[in-house]
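**Q** mind folding the following:
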Amino acid sequence: MRDRIQRRVPEDRSRVELHEQWQITYWTITLQTTQDRLVRAVREVGSNIDNVRLWLDENPPPRRSLYD
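**A** Numbers count the residues shown, from 1 in each chain. So this is what the prediction gives:
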């Protein structure tokens, strides 16, 4: 019998921690962003979730042109 996959959730969801891959995966899914943007947001504003969300809202990803 296979073990069920346990979904990991950070204990403190008020802070974005990026020390392990499962944390990065959790936050990229939760915040609907890429790993690059998440890491940049944490570098620029710290790990407070409200600040990270605000940074992501204020800095949308670049839009690609249809002709690129």
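**Q** and stretch 24-42, what's buried?
**A** By neighbour count with 16 or more other Cβ atoms under 10 Å, stretch 24-42 contains the buried residues 24, 26-28, 31, 33, 37-39, 41-42. C-beta coordinates here come from the backbone N, C-alpha and C atoms, glycine included.
**Q** quick one: low-confidence parts of this structure?
**A** When residues are selected by pLDDT under 70, those of the chain lie in 1-6, 68.
**Q** tell me the one of the buried residues of stretch 24-42 nearest residue 52?
**A** residue 41 (4.8 Å; Cβ to Cβ).
**Q** hmm, residue 55 and that closest one touching each other?
**A** Yes: under the criterion of Cβ atoms under 8 Å, residue 41 makes contact with residue 55 at 4.3 Å.
**Q** okay if I get the buried residues of stretch 24-42 as CSV plus distance to residue 51 and secondary structure?
**A** CSV is the format used below for the buried residues of stretch 24-42 (distance: Cβ to Cβ, whole Å; DSSP: H, G, I helix; E, B strand; the rest coil):
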residue, distance to residue 51, secondary structure
24, 18, helix
26, 18, helix
27, 13, helix
28, 17, helix
31, 12, helix
33, 14, coil
37, 14, helix
38, 13, helix
39, 14, helix
41, 8, helix
42, 9, helix
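**Q** is it possible to get a markdown table of those residues that adds distance to residue 7?
**A** Formatted as a markdown table, the buried residues of stretch 24-42 follow (distance: Cβ to Cβ, whole Å):
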| residue | distance to residue 7 |
| --- | --- |
| 24 | 14 |
| 26 | 8 |
| 27 | 13 |
| 28 | 14 |
| 31 | 16 |
| 33 | 19 |
| 37 | 23 |
| 38 | 18 |
| 39 | 22 |
| 41 | 23 |
| 42 | 22 |
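**Q** nearest to residue 9, of these?
**A** For the buried residues of stretch 24-42, the nearest to residue 9 is residue 26 (6.8 Å; Cβ to Cβ).
**Q** right, and that closest one touches residue 9 too?
**A** Yes: in this structure, residue 26 is within contact of residue 9 by Cβ under 8 Å, at 6.8 Å.
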